[in-house]
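Peer 1: Got a predicted structure here, sequence first:
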Amino acid sequence: QVQLVESGGGLVQAGGSLRLSCAASGGTFSRYAMGWFRQAPGKEREFVATISFSGFSTRYGDSVKGRFTISRDNAKNTVALQMNSLKPEDTAVYYCAARPTYSSTGPWDYWGQGTQVTVSS
């Protein structure tokens, strides 16, 4: 059983930056692909980014490409999401997720509780 705890959310002005972090425990971190998702009020959950076991491969949602960067530190069991050039439409609860496969499809096995990101205009 993998436990995920996000941190780093907050309030930022448009054009600013935030760095989210997700700490994992309860499993062998390097055996899990990691991902970030977000959900805004009244909207469906949206894929943001994913990173492979070693960190060599990454993928991003179209709405964040070129602005967000996902990274991981397998020695510290953490995954981060660096968010730059933030826009009001980036406002959402951001969730960390983990699963034992690196794929573009399929369900995610483990989820964090989420951290709120609010971007003011």
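Peer 2: That came through fine.
Peer 1: Leaving out sequence neighbours, find the closest residue to the residue positioned nearest the centre of the chain.
Peer 2: Centroid check for the chain by C-alpha atoms, centre = their mean gives Trp36 as the closest residue, at 2.4 Å. Once flanking residues are discounted, Trp36 sits nearest to Val48: 4.2 Å by C-beta to C-beta, 6 or more residues apart in numbering. C-betas here are computed from N, CA, C, even on glycine.
Peer 1: Equivalent analysis for Ser104, please.
Peer 2: Arg59 (6.9 Å).
Peer 1: Gly10 now?
Peer 2: Closest to Gly10 by C-beta to C-beta, 6+ apart is Leu18, at 6.4 Å.
Peer 1: cool, Ser7 as well?
Peer 2: Going by C-beta to C-beta, 6+ apart, Ser7 has Ser21 as its nearest residue, at 5.2 Å.
Peer 1: what's the pLDDT at Gly27?
Peer 2: On pLDDT, Gly27 comes in at 88.
Peer 1: Is it in a helix, a strand, or coil?
Peer 2: Three-state assignment for Gly27 (DSSP: H, G, I helix; E, B strand; the rest coil): coil.
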